[in-house]
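# mind looking at a prediction? Sequence and model below.
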Amino acid sequence: MPELPEVQTVVNYLAPIVQGKIIHSIDSPNHYDKVFENRSAADFKKAVQGLEITRLWRRGKYIIFDLYEGYLALHLRMTGKLLPNPLHEKYTKHLSLCFDFSDQTKLYFYDYRKFGRIYFSSTLEWLEEKLGIEPLSKGFNLSWLTQSLAQRKRMMKPLLLDQSFIAGLGNIYVDEILWKSNIHPQSMSDKITKKKLLRLYNSVQTTLLDAIAYNGTTFINFSFGNNRTGEFKEKLNVFGKQGQPCLNCGEKIQKIRVGQRGTHICNHCQKLHM
Ligand SMILES: [Zn+2]
């Protein structure tokens, strides 16, 4: 699933293309009306017709379209691709959504698994209620992190994956961040030492910023623009590296399950704190 760096990559690519365009209509060409999450297709169409996209940005794993009035929020989920050009005809059946702009250009949303969703709302309050802090915002600092982890008393990996705690992290980056911080994913959040908290804070920032700089990670099927892929895969240390030597100590990377998620760790570098 695209995580913060992949969604940011899509936004960085599309913002200059779609900002300032006026929505003439929005349709689900294959009548996959479930893509319109919070209203009927007809209501949706009526609500956005004639509105300008004033800004494209990201909140958590959502792509937000600020409109002249109201907001669209789009979640790519597993396989969603938002593209300014149509894919080859053989992909037509995966087309979930199509924006027609007043300048005759289009924006296509292809979604093989069909889990992607779009929301229209007059405010973003519903989203703010759902989502936790942005890890690249000023509010995410060492004292916030120290206090919040002490309060939660939860297992580290499920806590970092919880979008209502920190918005945007997913399986790949949480494994990378915990390895860089020498924290076992099953450690309890209130038992992390001061030294490791600082490492954790730094690795959240550096990992996400680096991944954005490399246009995200293409592990299975992430792509953007004209079939461009993310290059952060080359920079991964543990994710997908089971059986390979840890770059710190040479021990074999293990794949374990933590809260139903495949999790990559070095047992030697990542000590368990219960
Ligand atoms: Zn190691």
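Alright, I've got the coordinates.
# strands along the stretch 151-274 of the chain, start to end?
For the stretch 151-274 of the chain, strands defined by DSSP state E, counting those that start in this stretch occupy the ranges 254-258, 261-265.
# right, and these - which one's nearest Leu236?
Distances from Leu236 to each of the strands of the stretch 151-274 of the chain were compared by CB to CB, and the smallest falls on strand 261-265, at 9.0 Å. From N, CA and C alone the C-beta is placed, and that goes for glycine too.
# which non-adjacent residue is nearest whichever residue of the stretch 1-150 of the chain sits closest to the ion?
Nearest residue of the stretch 1-150 of the chain to the ion, counting by CB to the ion: Leu149, 22.7 Å away. With CB to CB, 6 or more residues apart in numbering as the criterion, Leu149 has its nearest non-adjacent residue at 4.1 Å, and that residue is Ser189.
# would you agree the one you found is in contact with Asp162?
No - taking contacts as CB atoms under 8 Å, Ser189 lies outside contact range of Asp162: 10.7 Å.
# intersection of neighbour lists for the two?
With CB atoms under 8 Å, 6 or more residues apart in numbering applied, the overlap between the contact sets of Ser189 and Asp162 consists of Arg154.
# circling back to that earlier point, I'd like the strands of the stretch 151-274 of the chain as CSV, with distance to Asn30 appended.
Shown next, in CSV, are the strands of the stretch 151-274 of the chain (distance: least, CB to CB, whole Å):
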stretch, distance to Asn30
strand 254-258, 36
strand 261-265, 32
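# could you identify which of the ones you listed is most buried?
Burial of the strands of the stretch 151-274 of the chain is given as mean neighbour count (mean count of other CB atoms under 10 Å); strand 261-265 ranks first at a mean of 20.
# for that one, what is the average pLDDT?
Strand 261-265 shows a mean pLDDT of 97 in the predicted model.
# assign the closest residue to Asp27 other than its chain neighbours to helix, strand or coil.
Once flanking residues are discounted, Asp27 sits nearest to Cys98: 5.4 Å by CB to CB, 6+ apart. Local secondary structure at Cys98 is given as strand here, using DSSP: H, G, I helix; E, B strand; the rest coil.
# ok, now Ile26?
Here Ile26 is strand, with the state taken from three-state DSSP.
# my read: it touches Ser96, true?
No - because the distance of 11.2 Å does not satisfy CB under 8 Å, Ile26 is recorded as not touching Ser96.
# follow-up on the earlier one: Ser189 and Asp162 - which one has more neighbours?
Under the neighbour definition other CB atoms under 10 Å, Ser189 and Asp162 were set side by side, and Ser189 has more, 22 against 14.
# ok, now which ones touch that one?
Taking CB under 8 Å, 6+ apart as the definition of contact, the neighbours of Ser189 are Leu149, Ala150, Arg152, Lys153, Arg154, Met155, Met156, Leu159.
# and the residues you listed, which is closest to the ion?
Of all the contacts of Ser189, the ion sits closest to Met156, with 17.0 Å by CB to the ion.
# let me see the ranges of the strands in the stretch 1-150 of the chain.
All strands of the stretch 1-150 of the chain, identified by DSSP E, counting those that start in this stretch, fall at 23-27, 53-59, 62-67, 71-75, 80-83, 95-101, 106-111, 117-121.
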